[in-house]
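Q: compute the structure for the input listed below.
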Amino acid sequence: MPAAPFFCAPAFLCARVMERLDGSSPVPPPFRGGIVALGNFDGFHRGHQAVVGHAVDRARREGRPAIVATFDPHPVRFFRPDAPPFRLTTLDQRQRLFAAAGADAMLVLGFDAALAATPADVFVTDLLGHHIGAAGVVTGTDFTFGKGKGGNITLMQGWAAAAGMSVDAVPPVCDDLGPVSSTRIRQALVDGRPDEAARLLTRPFAIEGVVEHGDKVGRTIGYPTANLQVGRYLRPRYGIYAVRGRLPDGRVLDGAANLGIRPSFDPPKELLEPHFFDFAGDLYGQRIEVELHHFIRPEAKFDDMDALIAQMDADCAEARARLAGAPDLR
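A: Numbers count the residues shown, from 1 in each chain. Model (predicted):
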C-alpha cells in the first residue's frame, strides 16, 4: 500500500471489524503467522501509515493476517510519568484508524517495567517470535527497542532471521521540512496551527470524550456547548477554533469551540466547549469526537456579558466562513 493519505467514512461508521488483542496473553491461533506492523503509532500520521500500509499489503499478498502492535502506555509516559500530556490519539481512535487502513487486529503491548527491562535480543526472539508468532515484522528504520534502547533495525533483522522471521524497514515519509513526525505535529498544535497538523496527519486532530453537564451559562446566552474533558491529550494552543463534531449516529456538525480555561468565568476550568451551529439536540452522556480545523484567536477575558456575546457572534461567523466548502477528509 502506498504512503499516500488514506481516507475513510466518519470514524464511527467505519464498518471494518477488527480485533483488539491483549498483549499480556499469547496471540491466539487465528492471528499467528501474521505480518506485524510495530511501533508506537501515536497520531497515526503519514509516516505511520506507510509502515502499516506496507504490512497490510504484504499480508494480503501472502494470505496472512495483518496486525498492528502498539504500546500502552506510551514508553515516554512510563519513563517520565510527570511529563505533561502529549498524546495525539486514544487507543479507541487508533483502533478505528488501523481498521480503516486494512489491519485485521490491533495488539496492545503494555509498556511496563518488565518490558522496559527486556534485552533487545529477547524482545525479538521471545516477544515477536514465540509470544506473537510473527512471520514478518514491518517497522520504521529508526525504531529502537529493548533494555536501554539496545536494539536497532539492523540487529532486529539478524536476530529475526535466525528465528525464522523477516523484517522490513520502511524509511521516513518526508516533505520539504524533513521527516513527518509526531513531534512536528505536536509543535504545530501547540503553536495554534491545526491545519498544518492535519496536513501531516492526513486528517484533523480530534479530541474524543463524553459530553458532560456544565454550568449551562452558554445556554442562557444562546450558545449552548457540549463540554468535554481534554484528559491525556496534548494541549493545543488555548483559544477559539473552527471545529467539526462527529456524533455516534454519524452526523457531522460544524461549530466553534473554546479550548482552554474560560478566563471570563470564575473559577477557571479547563474544557473543550464546542458550540454546534443550527443544532438543538441533547448530547449529554454521548461520546463524540471534535476535530480542530482552524485557530481563530487566543482566549481573552471580557469585562461584561454583552462584550463576550458580541465576540462570540464574530467568532461563529468566522468559523462558519472558514468551514464553508471545506472538504470532509474522513
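
Q: run through the helices of this structure in chain order.
A: With DSSP state H as the criterion, the chain has helices at 46-62, 75-79, 91-100, 113-116, 120-122, 153-162, 182-190, 194-201, 217-220, 305-323.

Q: who wins for proximity to Asp278 among the ones you listed?
A: Smallest distance to Asp278 across the helices of the chain (CB to CB): 9.9 Å, for helix 305-323. Just so you know, the C-beta spots here come from the backbone N, C-alpha and C atoms, and that holds for glycine as well.

Q: now the helices of the chain in JSON lines, with distance to Pro172?
A: Formatted as JSON lines, the helices of the chain follow (distance: least, CB to CB, whole Å):
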{"stretch": "helix 46-62", "distance to Pro172": "5"}
{"stretch": "helix 75-79", "distance to Pro172": "19"}
{"stretch": "helix 91-100", "distance to Pro172": "19"}
{"stretch": "helix 113-116", "distance to Pro172": "25"}
{"stretch": "helix 120-122", "distance to Pro172": "22"}
{"stretch": "helix 153-162", "distance to Pro172": "12"}
{"stretch": "helix 182-190", "distance to Pro172": "11"}
{"stretch": "helix 194-201", "distance to Pro172": "12"}
{"stretch": "helix 217-220", "distance to Pro172": "43"}
{"stretch": "helix 305-323", "distance to Pro172": "31"}
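
Q: mean neighbour count, mean pLDDT and distance to Asp22 added to those helices, as JSON lines?
A: As requested, these are exported to JSON lines (neighbours: other CB atoms under 10 Å; pLDDT from 0 to 100; distance: least, CB to CB, whole Å):
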{"stretch": "helix 46-62", "mean neighbour count": "21", "mean pLDDT": "98", "distance to Asp22": "20"}
{"stretch": "helix 75-79", "mean neighbour count": "15", "mean pLDDT": "93", "distance to Asp22": "18"}
{"stretch": "helix 91-100", "mean neighbour count": "21", "mean pLDDT": "97", "distance to Asp22": "11"}
{"stretch": "helix 113-116", "mean neighbour count": "12", "mean pLDDT": "96", "distance to Asp22": "14"}
{"stretch": "helix 120-122", "mean neighbour count": "18", "mean pLDDT": "97", "distance to Asp22": "20"}
{"stretch": "helix 153-162", "mean neighbour count": "16", "mean pLDDT": "97", "distance to Asp22": "23"}
{"stretch": "helix 182-190", "mean neighbour count": "19", "mean pLDDT": "98", "distance to Asp22": "24"}
{"stretch": "helix 194-201", "mean neighbour count": "21", "mean pLDDT": "98", "distance to Asp22": "27"}
{"stretch": "helix 217-220", "mean neighbour count": "13", "mean pLDDT": "61", "distance to Asp22": "41"}
{"stretch": "helix 305-323", "mean neighbour count": "15", "mean pLDDT": "94", "distance to Asp22": "40"}
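
Q: so which of those is nearest Gly209?
A: Of all the helices of the chain, helix 91-100 comes closest under CB to CB, at 10.7 Å.

Q: what's that closest one packed up against?
A: In terms of contacts (3 or more CB pairs under 8 Å, 6 or more residues apart in numbering; DSSP states H and E), helix 91-100 is packed against strand 66-71, strand 105-109, strand 206-210.

Q: buried deepest among these, which one?
A: strand 66-71 (a mean of 26; mean count of other CB atoms under 10 Å).

Q: nearest residue to Pro236 in space, please, no chain neighbours.
A: Nearest residue to Pro236, sequence neighbours excluded (CB to CB, 6 or more residues apart in numbering): Leu189, at 4.0 Å.

Q: likewise Gly222?
A: Closest residue to Gly222 apart from its sequence neighbours, by CB to CB, 6+ apart: Ile309 at 7.5 Å.

Q: for Leu234, which of the helices of the chain is the nearest?
A: helix 182-190 (5.5 Å).

Q: dump the closest one to PDB, keeping only the CA atoms.
A: Extracted as PDB, the C-alpha positions of helix 182-190 are listed here (Å, rounded to 0.1, in the frame of the first residue of the first chain):
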ATOM      1  CA  SER A 182       4.600  13.200  15.900                       C
ATOM      2  CA  THR A 183       7.000  15.800  17.300                       C
ATOM      3  CA  ARG A 184       6.300  18.200  14.400                       C
ATOM      4  CA  ILE A 185       2.500  17.600  14.800                       C
ATOM      5  CA  ARG A 186       2.600  18.300  18.500                       C
ATOM      6  CA  GLN A 187       4.500  21.500  17.900                       C
ATOM      7  CA  ALA A 188       2.100  22.600  15.200                       C
ATOM      8  CA  LEU A 189      -0.800  22.100  17.600                       C
ATOM      9  CA  VAL A 190       0.900  23.900  20.400                       C
END
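
Q: now do it against helix 46-62, angle only.
A: Here the directions of helix 182-190 and helix 46-62 differ by 130 degrees (axes from the mean of the first three to the mean of the last three CA atoms, to 10 degrees).

Q: now do the strands in the stretch 151-300 of the chain.
A: Using DSSP state E, counting those that start in this stretch, the strands found in the stretch 151-300 of the chain span residues 166-170, 174-175, 178-179, 206-210, 239-246, 252-260, 271-276, 287-297.

Q: neighbouring strands of the second one in the sheet, and parallel or not?
A: Using DSSP bridges, strand 174-175 pairs in its sheet with strand 178-179 (antiparallel).
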